[in-house]
Each structure stands twice: as structure tokens, then as C-alpha cells.
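Colleague: Please work out how this folds:
(one chain, ligands or ions: 1)
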Amino acid sequence: MSDFLEVLYERTSAEHFDSATPISVQEIKELISEACQAPSAFNIQHWRFIAVTDERIRERLKGTTIAPNQERVANAPLIFLILGDLNGYKRLEGILDETVHAGLLPREVADVWLTMANGMYGSDPRLARDEAIRSGSLAAMTLMLAAGNRGYVTCPIGFNSVQVMEILSISEQHVPVMMLTVGRPASGNNARRPRLPLDQVLAFNNSPE
Ligand SMILES: Cc1cc2nc3c(=O)[nH]c(=O)nc-3n(C[C@H](O)[C@H](O)[C@H](O)COP(=O)(O)O)c2cc1C
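Modeller: Residues are numbered from 1 along each chain as shown. Prediction:
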């Protein structure tokens, strides 16, 4: 098995985290750099991250999720909130300029992208929100694999987004996409859960059943 497949198949949603082993700021930054290698529409990179390391804030976040999740929210040494920036497209001009200057995109194509993106997202806030959530989700998945590659375990956690926005003073410009607990594993975590058979999830050239 390749290293990639090992990381992929070893990732499970962990219940038990070693609260005594913190993750350094340097490693948090490396993890986020790796997560940012995910793709995003027009390379807008709508994702934004909050790394919650403060025990008192983790304790408050505990109350934004259902009881079965609370132990891990309190015990994981690190919680990431992955957000999507609804105004992310407003930075696209600068992103495209850098790409053009690096010789990675012709200026004419960059200009077309910019006009398209401003037209699409400026006139359709729902599309802007969908794309922010898509990009944030891809970053969250990449972040889980990056963490797994470094020997950490993770768990996506369902949460009350109104409460989370209040606790972390998240502005309306940002949509919460995912809460993720991260840390070294403690004992007692689940083995891999089964997946649906391929014939129930994959169709060729037509809609699945
Ligand atoms: C959007 C989302 C929300 C989730 N919320 C929770 C949660 O609140 N609590 C939990 O224990 N697991 C949560 N999970 C993890 C799933 O239960 C888990 O991914 C699924 O059962 C498959 O198991 P695996 O991740 O170990 O392969 C969530 C996963 C996703 C993608």
C-alpha cells in the first residue's frame, strides 16, 4: 500500500484524544499550509481557519455540540473551525495578478476569470455561499489527511453555528463550514467503519438509483 493509501484508509473519526499532548503553533501553521493545497473555484481560496487552543474557549465550544461529542471537544488539544469567506472573490484580482506575474496564467485569461467571477458571485449570493462551502469542505478534508499523515487523529463535529459564531466573534461575512477536533489518539478509538458497496454509489453515464 502506498503512503497515501495508508493515510486514507487509516483515517477514522476519533472519539478519544490525548489532552496532555498539545500541538505547536509551528505545526498548526504547517497543517494549514498543507490544507491550503486543496483546489478552489478560480483559486479564490475561500477557506479561513480558526485554531482554538485555549482550554477556556474549548470548554465553551463544548456546549455548542450534542452530548456524545462533548468529551472530545473538551479533550482534543486543538479544534479547527473551517470557515468560508463569502467575500473571498473580492480578493481574486490580487490572486490573479500574482499568478500572471509568475507566468502561470496569460493576462487575457486572468481578465476573463475576473469578469466571470465578479459577475457570478456579485449577482448570486447563494452561489457565493455554495462555493465558499465547497472550498471550505475540500480544505477540511485535506486538513484531515494532512493531520493523519503526521500521526494525528481527527473528528468532524456537528455544531450549532449561531452559538459558535457568537463565541468566536465570527462576522456574517464568514460561513462556518466544519468543526474539527485534532490531537494524538488516546486508547479506545473505533476501527474503520464499512462503506456502501460501489454499485450503490457509482453509476456510469447516468444517474445513480
Ligand atoms: C459534516 C460531518 C459532520 C459530522 N459530525 C459528527 C459528529 O457530530 N460526531 C461524530 O462523532 N462524528 C461526526 N462526523 C463523523 C462521521 O460520523 C464519520 O465520518 C462517519 O461515521 C464515517 O466514519 P469515519 O469517519 O470513521 O470513516 C461527521 C462527519 C461529517 C462529514
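
Colleague: Which strands and helices lie in contact with the strand ranked longest in the chain?
Modeller: Across the chain, the strand with the greatest residue count (assigned by DSSP state E) is strand 174-183. Applying 3 or more Cβ pairs under 8 Å, 6 or more residues apart in numbering; DSSP states H and E, we find strand 174-183 packed against helix 67-75, strand 78-85, helix 125-149, strand 153-157, helix 161-167. (C-beta placed from N, C-alpha, C; glycine too.)

Colleague: Dump the ones you listed into TSV; add mean neighbour count, mean pLDDT and distance to Tyr9 as well.
Modeller: Converted to TSV, the helices and strands packed on strand 174-183 look like this (neighbours: other Cβ atoms under 10 Å; pLDDT from 0 to 100; distance: least, Cβ to Cβ, whole Å):
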stretch	mean neighbour count	mean pLDDT	distance to Tyr9
helix 67-75	16	94	22
strand 78-85	25	98	22
helix 125-149	20	97	10
strand 153-157	22	98	14
helix 161-167	15	98	31
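
Colleague: right, and those - which one's nearest the ligand?
Modeller: Go through those one by one with Cβ to the nearest ligand atom and the one that ends up closest to the ligand is strand 153-157, at 3.7 Å.

Colleague: quick one: contacts of that closest one?
Modeller: Residues from elsewhere that reach strand 153-157 (Cβ atoms under 8 Å, 6 or more residues apart in numbering): 11-15, 17, 65, 69, 72-73, 76, 79, 140, 143-144, 147-148, 178-185, 189.

Colleague: is that strand anywhere near the ligand?
Modeller: Yes - using Cβ under 6 Å from any ligand atom, a contact is recorded between strand 153-157 and the ligand, made by 155-157.

Colleague: Up against the ligand, what does this structure have?
Modeller: In this structure, the chain approaches the ligand at residues 12-13, 69, 155-158, 193, judged by Cβ under 6 Å from any ligand atom.
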